[in-house]
Structures are given as C-alpha cells and as structure tokens.
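Novice: I'd like to go over a predicted model; first the sequence, then the structure.
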Amino acid sequence: MVIASRSKAKLQAAKEQLNGSVSIHVLNTTDEEQVRGFFEEIGSYNHLVISAAETSGGKFLETDSEASRQLFENKFWGQYYAAKYGASQLTANGSITLFSGVVAYKKMVGSAALGAVNAAISNLGQTLALELAPIRVNVVSPGIIDTPSRSKMSLDAREQFYDTIADKLPVKRVGSASDAAQSVLYLIQNTFVTGTVLHVDGGHRLI
C-alpha cells in the first residue's frame, strides 16, 4: 500500500494504524510536477483513491476571490493531476475513486465555491469513466462526516453542529470515517461499477 499526503506527521500516524506493508510519501497534489514525479516513482499499481483536499466556505459576496481560487487548486486540480498522471500506471483492471461532496447536490448558503468544485469533480469522474475505459472511474460524494478535519472547532461547537445536522437527517446521525471507507471499498471491489457518483450522506440531499 502506498499513501501520500502533504503532512509527514499525518502519514506517520496513518502508517502506525494500518496493517501490512505501507510506503509513505510527502506530496503536494497542487504541484503538477510533484504529482507527475510521484507516479513515475511508484510504478504500476491497482487502485487510486484521491481524498486530499483543504476546503472552505463563506457567503459569496463576502468571500475573497483568492480563497475560492485556492479551493479549486486544492480540491479540483489536485484530483485532476492525480488522475491524469496516475492513470498511465494503473493496471488494466484498476480503478480511480475521486471525492466530491454533498454541496454539489444540496444547495447551502455559504457553499457556492465548494459546491461548484464538487460538481466539477463529479463531472470529471463520469467523463473519465468513458475516456479511460476499461479503467473504472467513480466518485464518492460524502455528506457531513465526523473526522479530524473539524478539529479547529471547539468540542462544544463541533458536537452542537453534528447534533443539529443529525437531527435533520433521515438516519439521525452524521457519518463516520468508516462509512466513507466502506463506500471506497465497494467501488474498488465491484468490477461492474463505473461512472457512478456514490452518495454517502445519510439522505442529506433529500431534506
């Protein structure tokens, strides 16, 4: 298994949690040449999962344009580069899994830029399923997931946010990292699925 991230500390922590042989690489996915070199270095492999992203939000007229531009750099172009340079190293029966998000489908105040990025990723994944065939390309679109990504919020604020969301969702809870991981495993293992956007959002799109 090969894992890459901008943070060496996160890579070391992940390696300790994973079983088996794990190779770690520090990689900035917004740097096209770094991405190209990374895939040249690792050689042939079976499956590519790209979840790297730094996301942000804010009301459209109040958000600095550069912040929105960086959002595209981090989430869209990072996945674009990884798919572009990673595709040639994939085995014929391999797959690519991209990550979009619920705000591409559920309109929310303060998510204009992020929703646009996520919608672009969903479209990219479905188009690549045609262009890169027989390599399978799919997209996971998660809803609100309880992960360390919201660690900057205070514990009380974070719990209140999750409780508010959970109360509205049909499943009455927010998602977990395990929910997202299971969706990725499904897309990797089911060889008759390609061009699919798999919604893992607890029914968030419906409310």
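Specialist: Great, that's in hand. Computed from a predicted structure; not experimentally measured.

Novice: pull the CA atoms of the one helix or strand residue 115 maps to into PDB?
Specialist: Element membership for residue 115 (DSSP states H and E) is helix 112-131. C-alpha atoms of helix 112-131 as PDB (Å, rounded to 0.1, in the frame of the first residue of the first chain):
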ATOM      1  CA  ALA A 112     -21.100  28.500  -3.700                       C
ATOM      2  CA  ALA A 113     -17.500  27.800  -4.500                       C
ATOM      3  CA  LEU A 114     -17.300  24.500  -2.800                       C
ATOM      4  CA  GLY A 115     -20.500  23.300  -4.500                       C
ATOM      5  CA  ALA A 116     -19.000  24.300  -7.800                       C
ATOM      6  CA  VAL A 117     -15.800  22.400  -7.100                       C
ATOM      7  CA  ASN A 118     -17.600  19.300  -6.000                       C
ATOM      8  CA  ALA A 119     -19.900  19.400  -9.100                       C
ATOM      9  CA  ALA A 120     -16.800  19.800 -11.300                       C
ATOM     10  CA  ILE A 121     -15.200  16.700  -9.700                       C
ATOM     11  CA  SER A 122     -18.400  14.600 -10.200                       C
ATOM     12  CA  ASN A 123     -18.500  15.600 -13.900                       C
ATOM     13  CA  LEU A 124     -14.800  14.900 -14.200                       C
ATOM     14  CA  GLY A 125     -15.200  11.400 -12.800                       C
ATOM     15  CA  GLN A 126     -18.000  10.400 -15.000                       C
ATOM     16  CA  THR A 127     -16.300  11.700 -18.100                       C
ATOM     17  CA  LEU A 128     -13.100   9.900 -17.300                       C
ATOM     18  CA  ALA A 129     -15.000   6.700 -16.900                       C
ATOM     19  CA  LEU A 130     -15.600   6.900 -20.700                       C
ATOM     20  CA  GLU A 131     -12.200   8.300 -21.700                       C
END
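
Novice: can you give me the strands in the protein?
Specialist: 2-5, 23-26, 45-49, 90-99, 136-142, 145-146, 175-176, 197-200 (DSSP state E).

Novice: Most tightly packed of those?
Specialist: strand 136-142 (a mean of 25; mean count of other Cβ atoms under 10 Å). For every residue, glycine as well, the C-beta is placed using N, CA and C.
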